[in-house]
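Asker: here is a sequence together with a model predicted from it:
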Protein chains: 2
Amino acid sequence: MTQVPTAAGARAPRLSRERIVAAVVEMLESGGVDAVTTRTIGEALQVHPTALYRYFRDMDELIREAADHILEGLAEETPRAAGRDALDVLSDLCLGLRTALMSHPGAAGGVASGPSRMPHERALTERMLQLLTRTGLSDEDVVLAYHAMIEYTVGSAAIDAPGKGTDPDEDSLHRAWRADYLTASPDDFPVTVRLASRLYPTQDTQFRYGLQVLIDGLRNKLPAP
Amino acid sequence: MTQVPTAAGARAPRLSRERIVAAVVEMLESGGVDAVTTRTIGEALQVHPTALYRYFRDMDELIREAADHILEGLAEETPRAAGRDALDVLSDLCLGLRTALMSHPGAAGGVASGPSRMPHERALTERMLQLLTRTGLSDEDVVLAYHAMIEYTVGSAAIDAPGKGTDPDEDSLHRAWRADYLTASPDDFPVTVRLASRLYPTQDTQFRYGLQVLIDGLRNKLPAP
DNA sequence: ACCTGAACACCGTTCAAGT
DNA sequence: ACCTGAACACCGTTCAAGT
């Protein structure tokens, strides 16, 4: 890694796209996208806040590259367990995607802004389309189902992990919300009050339920085997 | 609406929560949440940028109130058409919610940040829980289904209408994206390339498909009639 | 009571200047 | 070639001051 001096006065660059992206991914994980600014990046890399503009057009490009980095390895084929069909594998893939997005608050916004032409995202798309094709669905259904799964998975991650880093404990927050619903007027909101104690289960429980309903709905569309 | 002078020197307030919220809702519609700043609000209301702090704790509270305002009337009961069950009505409700959110880019972030304790959101929750209860689903399923529908509807709106106001024409953008997928390596991404021309249908088509799949999946859970 | 003015601590981004 | 320094046009928010 020590550089070969190519010409008089040429110094080894202290930065690179990779080094910057790595730093941003780390900051995404610890503090969320709100904690990633030109100044904090500069501090993390011991460099002037504007130095990154040699390597990236703007913050948006940098965040999108970091977001794609997070998807690394997701599309990898896993050994198919017995009794699990393509839709089960697709479900796991979405769970993996969610885990990656949830552990980097705000990253969902980075992958959401259209296809990034980036390698990991491309691989994920290919894998999902491949799995859906295997189910026997029509091409039209394959594409629409792909979009539905992405919208649900990325969209719910955008809601559940907006950008602020670590929430002040999900459980106590949800408890407070449930208590709040209990104080609603029972005349105006009878069903809400009756079900208040059940509202806001774990974010993970919510997500898995919707995911399962989606997969279940897709199963209805499969051609008879 | 003309004020009663209560004391010498007391003047009619030029602002109110309602006036500010109305202005923000309008700005949300025309330019999205990114166009709503203390300065632009001040300009719209012909008032100093900091004047709104007499009425709202901070920008967050203001945006949440404006977001709730957008949900006005959504939960209203509509005359039940023949042959349409509670899940069909729920589906319409989600479509209405999406329309409201899509026409105010970035508003999804406002309703997403937990229950706002606000009247229109409460009414919407009550109506959705009521409709789901009517289907005969168990209480547990009702609550989880409610969260699933909200996460999908609000989440996809957060993705499809982030905050920038009017995109530069959705159609041409999607055309460009499809063309982009076509240029992908057919060896690495065979399925993607094969389906490229079908990818990125209208945002509305995508959303409706996923919504229908969700409703369909819920139907599987209904007790036999 | 209601709004203004000035100030502060932040942003992203540009561009010329240093080495 | 690579990074720094200074500057610009923005943010949200506070608080004392005006009327």
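Answerer: Yes, it's here.
Asker: okay, now residue A:107: neighbour count?
Answerer: Residues near residue A:107, counting by other Cβ atoms under 10 Å in any protein chain shown, number 30. All C-beta atoms are positioned from the backbone trio N, CA, C, and that covers glycine.
Asker: neighbours around the residue nearest to it when sequence neighbours are not counted, how many?
Answerer: Leaving aside its sequence neighbours, residue A:107 sits nearest to residue A:67 (Cβ to Cβ, 6 or more residues apart in numbering or on different chains; 4.7 Å). Neighbours of residue A:67 under the rule other Cβ under 10 Å: 29.
Asker: which of the three states applies to residue A:67?
Answerer: Three-state call for residue A:67 (DSSP: H, G, I helix; E, B strand; the rest coil): helix.
Asker: wait, it sits on residue A:116?
Answerer: Yes. Judged on Cβ atoms under 8 Å, residue A:67 makes contact with residue A:116 at a distance of 7.4 Å.
Asker: shared neighbours of these two, which are they?
Answerer: residue A:110 (Cβ atoms under 8 Å, 6 or more residues apart in numbering or on different chains).
Asker: pLDDT weak spots in chain A?
Answerer: Within chain A, the ranges that satisfy pLDDT under 70 run A:1-11, A:167-168.
Asker: flag every residue of it that's near DNA strand C.
Answerer: Counting by Cβ under 7 Å from any atom of the strand, chain A comes close to DNA strand C at A:9, A:36, A:37, A:38, A:39, A:40, A:49, A:50, A:53, A:58, A:59, A:60.
Asker: just want the residue of chain A that's nearest DNA strand D.
Answerer: Closest approach between chain A and DNA strand D, counting by Cβ to the nearest atom of the strand: residue A:48, at 2.7 Å.
Asker: give me the phi and psi angles of that residue.
Answerer: Dihedral pair for residue A:48: phi -60, psi 140, per degrees, to the nearest 10.
Asker: so who does residue A:192 touch?
Answerer: Residues in contact with residue A:192 (Cβ under 8 Å, 6+ apart) are A:181, A:184, A:199, B:122, B:125, B:126, B:129.
Asker: DNA strand C versus the last one, what's the distance?
Answerer: This means residue B:129. Distance of residue B:129 to DNA strand C, given as Cβ to the nearest atom of the strand, to the nearest Å: 38 Å.
Asker: packing partners for the lengthiest helix in chain A?
Answerer: Ranked by number of residues, the top helix in chain A under DSSP state H is helix A:139-160. In terms of contacts (3 or more Cβ pairs under 8 Å, 6 or more residues apart in numbering or on different chains; DSSP states H and E), helix A:139-160 is packed against helix A:86-102, helix A:107-112, helix A:119-134, helix A:203-219, helix B:107-112, helix B:139-160, helix B:190-195, helix B:203-221.
Asker: could I get the buried residue list for the second one?
Answerer: Taking 16 or more other Cβ atoms under 10 Å in any protein chain shown as the neighbour-count basis, helix A:107-112 is seen to contain the buried residues A:107, A:108, A:109, A:110, A:111, A:112.
Asker: which of the residues of chain A next to DNA strand C are buried?
Answerer: Judged by 16+ other Cβ under 10 Å, buried ones among the residues of chain A next to DNA strand C: A:36, A:38, A:59.
Asker: just checking: which of those also lie near DNA strand D?
Answerer: Among those, none lies close to DNA strand D by the criterion of Cβ under 7 Å from any atom of the strand.
Asker: sitting in helices, which of those do you find?
Answerer: Per DSSP H, these map to helices at A:38, A:59.
Asker: tally of neighbours for residue A:87?
Answerer: Residues near residue A:87, counting by other Cβ under 10 Å: 20.
Asker: what sits up against stretch A:133-140?
Answerer: A:85-87, A:142, A:145, A:218, A:221-223, A:225, B:191, B:195, B:198.
Asker: of the residues you listed, which is the most crowded?
Answerer: Busiest of those [other Cβ under 10 Å] is residue A:145, holding 27 neighbours.
Asker: near chain B at all, stretch A:75-92?
Answerer: No. With Cβ under 8 Å from any Cβ of the partner chain as the criterion, chain B is not reached by stretch A:75-92; the gap is at least 10.6 Å.
Asker: surely residue A:122 and residue B:191 touch.
Answerer: No. The criterion here is Cβ under 8 Å, and residue A:122 misses it with residue B:191 at 11.2 Å.
Asker: residues near the closest residue to residue A:123 other than its chain neighbours, how many?
Answerer: Distances taken as Cβ to Cβ, 6+ apart place residue A:75 nearest to residue A:123, at 4.1 Å, with adjacent residues excluded. Neighbours of residue A:75 under the rule other Cβ under 10 Å: 20.
Asker: show me the contacts for residue A:75.
Answerer: When contacts are counted by Cβ under 8 Å, 6+ apart, residue A:75 is found next to A:93, A:120, A:123, A:124, A:126, A:127.
Asker: try 7 Å this time
Answerer: By Cβ atoms under 7 Å, 6 or more residues apart in numbering or on different chains, residue A:75 lies in contact with A:123, A:124, A:126, A:127.
Asker: ok, which pair from those is furthest apart?
Answerer: Within those, two members stand farthest from each other by Cβ to Cβ: A:124 and A:126, at 7.3 Å.
Asker: run the angle between the helix or strand encompassing residue A:178 and helix A:139-160 for me.
Answerer: Here residue A:178 sits within helix A:170-182, counting by DSSP states H and E. Helix A:170-182 runs at 90 degrees relative to helix A:139-160, counting by axes from the mean of the first three to the mean of the last three Cα atoms, to 10 degrees.
Asker: how about the nearest residue to the most centrally placed residue in chain A, chain neighbours excluded?
Answerer: When Cα atoms, centre = their mean is applied to chain A, the residue found nearest the centroid is residue A:101 (2.6 Å). Nearest residue to residue A:101 in three dimensions, chain neighbours excluded: residue A:157, at 3.8 Å (Cβ to Cβ, 6+ apart).
Asker: so how far is DNA strand C from that neighbour?
Answerer: 21 Å.
Asker: that residue: neighbour count?
Answerer: By the measure other Cβ under 10 Å, the count of residues near residue A:157 is 30.
Asker: thought it was touching residue A:98?
Answerer: Yes. Between residue A:157 and residue A:98 there is a contact under Cβ atoms under 7 Å: 5.5 Å.
Asker: any residues in contact with both of the two?
Answerer: Counting by Cβ under 7 Å, 6+ apart, no residue touches both residue A:157 and residue A:98.
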